[in-house]
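Undergrad: I would like the atomic coordinates for the input below:
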Amino acid sequence: MLEQKEPCCETQASACQCGDTPNLKPLFTSAIDDDVCCGPPAGPASSSYEKAGYAVWHFVEDFVETPAGQAPRVKTRMEFPDILHTAKVRLGIHRNNYKVAPGLYCVGNPDSSAPVLVTANYKLSFDTLRQELSGLDAWLLVVDTRGINVWCAAGKGTFSTQEVVHRVNQIGLAKIVEHRQIILPQLAATGTSARHVKKGCGFEVIWGPVRADDIKAFLAAGKEATPHMRQVTFTLKERLVLIPVELSFIPQYALWIILGLFVLSGIGSHIFSFEVAWTRGIMTTVALIGGILAGAVVVPALLPWIPGVAFAVKGALTGLVAGLIVALYFWSQSTLLESLALLFCTSALSSFMAMNFTGSTPYTSPSGVEKEMRKAIPLQALAGLIALVTWIGAAFAS
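TA: Down below sits the predicted model:
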């Protein structure tokens, strides 16, 4: 039963309500009737592919029938929602829950002889692959990696032999294609055994190229990869695109750290001074920002040209340069002890930020990262402690 009636159209008396008089149209009218009394005009009709409790992604064009059921045909061009959400994920917004449903998709008009390309259900990985398939007819087998990219998922064990076998058998791929080959990205090799996949589902694993933009050339060459296709790169562009993600974790901690530094900066022989807290707090804030930028921006950008192998060392070097710049900038209004504190603060923070970037690179292994952390973190903590004690002590010495 409707408890509240909708107001009538503006052309009717404001005092009347729909259904109040015999001359007015009933509350429920045909969806194709343009002369609707209540509410706005009817929107577009629901898609014939929609089902109760399910949503159809904007990148799904339609569905194709297969011997094992329907498979969504996806677009190969990126649209505004894709670009917008990619930008948000690059900034660290909702990046831990950016995924598509695992299962079978397709592009073009694939038949039983079309290649089967396997990828992760992290939507950035999915988008990267599908936009390289323009003009091709292919099946896309998306495995459940819990929304993690191919390489990281292989290392974490979510892009695994078991998951590939499970997904191939679940969708009934043997009914859809007549061949018995699936193409896996090369970066999935650390978590997937080709031999055990063949044993588990009967499909031979063909290792595809490292980068999705080589997939067309790979298929055109008869599924043969060139040495270039097998080489992992870490170019300036590939490094810079990771910087916003590294910076996205900082704001949630930086505000509290800055507030704490302002409070500590006001402590001295005068007990506490708001004026001194403001003046010295500005110095520590600039040093903090300098350390973050040196470790999270400068190191990734200039990575191949900064001396040293360990990322912590590279960060310490860029932090020293940034610290010298900060100390020189405040030289006229700071003491020698304060300048030393700023230098230690910037260097320690830059070293930590650069070391944190290690996990985003192809240069190190998990064991190598752990080894570097065991050595670097105590030194970084010591440098931070020296900076803190020196900074507080400088206020009593002046």
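Undergrad: Please enumerate the helices of the stretch 51-200 of the chain.
TA: Counting by DSSP state H, counting those that start in this stretch, the stretch 51-200 of the chain has helices at residues 80-90, 123-130, 150-156, 161-171, 173-176, 194-201.
Undergrad: So which elements touch the fifth one?
TA: If you count contacts as 3 or more Cβ pairs under 8 Å, 6 or more residues apart in numbering; DSSP states H and E, helix 173-176 packs onto strand 138-143. For glycine as for every other residue, the C-beta is placed from the backbone atoms N, C-alpha and C.
Undergrad: so how far is the strand it packs on off the chain centroid?
TA: 21 Å (Cα atoms, centre = their mean, to the nearest Å).
Undergrad: Quick one: mean pLDDT for that strand?
TA: Averaging pLDDT along strand 138-143 gives 97.
Undergrad: what angle sits between it and helix 161-171?
TA: On the basis of axes from the mean of the first three to the mean of the last three Cα atoms, to 10 degrees, strand 138-143 is oriented at 120 degrees to helix 161-171.
Undergrad: Quick check: neighbours of strand 138-143 in the sheet, parallel or antiparallel?
TA: Sheet pairing for strand 138-143, assigned by DSSP bridges, gives strand 103-107 (antiparallel), strand 116-120 (parallel).
Undergrad: And the contacts of stretch 91-99?
TA: Taking contacts as Cβ atoms under 8 Å, 6 or more residues apart in numbering, the residues outside stretch 91-99 that touch it are 85, 88-89, 121-124, 146-147, 244-245, 247-249.
Undergrad: switch the cut-off to 6 Å
TA: With contact meaning Cβ atoms under 6 Å, 6 or more residues apart in numbering, stretch 91-99 is reached by 89, 121-123, 147, 244-245, 248.
Undergrad: Would you work out how far apart the start and end of that stretch are?
TA: 16 Å (Cα to Cα, to the nearest Å).
Undergrad: Use 548 as the first number from now on
TA: Renumbered: residue one is now 548, and that last one reads stretch 638-646.
Undergrad: what about the strands in the stretch 748-897 of the chain?
TA: Using DSSP state E, counting those that start in this stretch, the strands of the stretch 748-897 of the chain run over 751-754, 814-815, 818-819.
Undergrad: Out of the contacts of stretch 638-646, which end up buried?
TA: For the contacts of stretch 638-646, a neighbour count by 16 or more other Cβ atoms under 10 Å gives the buried set as 636, 668-670, 694, 791-792.
Undergrad: export the residues you listed to TSV and tack on distance to residue 761 and pLDDT?
TA: Formatted as TSV, the buried ones among the contacts of stretch 638-646 follow (distance: Cβ to Cβ, whole Å; pLDDT from 0 to 100):
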residue	distance to residue 761	pLDDT
636	23	88
668	22	96
669	19	95
670	21	96
694	24	93
791	26	88
792	24	82
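Undergrad: Kindly reformat these as CSV containing distance to residue 625.
TA: Listed next are these as CSV, based on distance: Cβ to Cβ, whole Å:
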residue, distance to residue 625
636, 13
668, 18
669, 16
670, 11
694, 19
791, 18
792, 19
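Undergrad: Quick check: pLDDT value at residue 849.
TA: pLDDT at residue 849 comes out at 95.
Undergrad: Give me the nearest residue to it, chain neighbours excluded.
TA: The shortest distance from residue 849 to any residue other than its chain neighbours is 7.7 Å, reached at residue 865 (Cβ to Cβ, 6 or more residues apart in numbering).
Undergrad: next one: residue 704
TA: Residue 704 sits nearest to residue 738 (Cβ to Cβ, 6+ apart), 5.8 Å away.
Undergrad: quick revisit: among the buried ones among the contacts of stretch 638-646, give me the pair with the biggest separation.
TA: Using Cβ to Cβ, the buried ones among the contacts of stretch 638-646 span at most 22.6 Å, a distance reached by 668 and 791.
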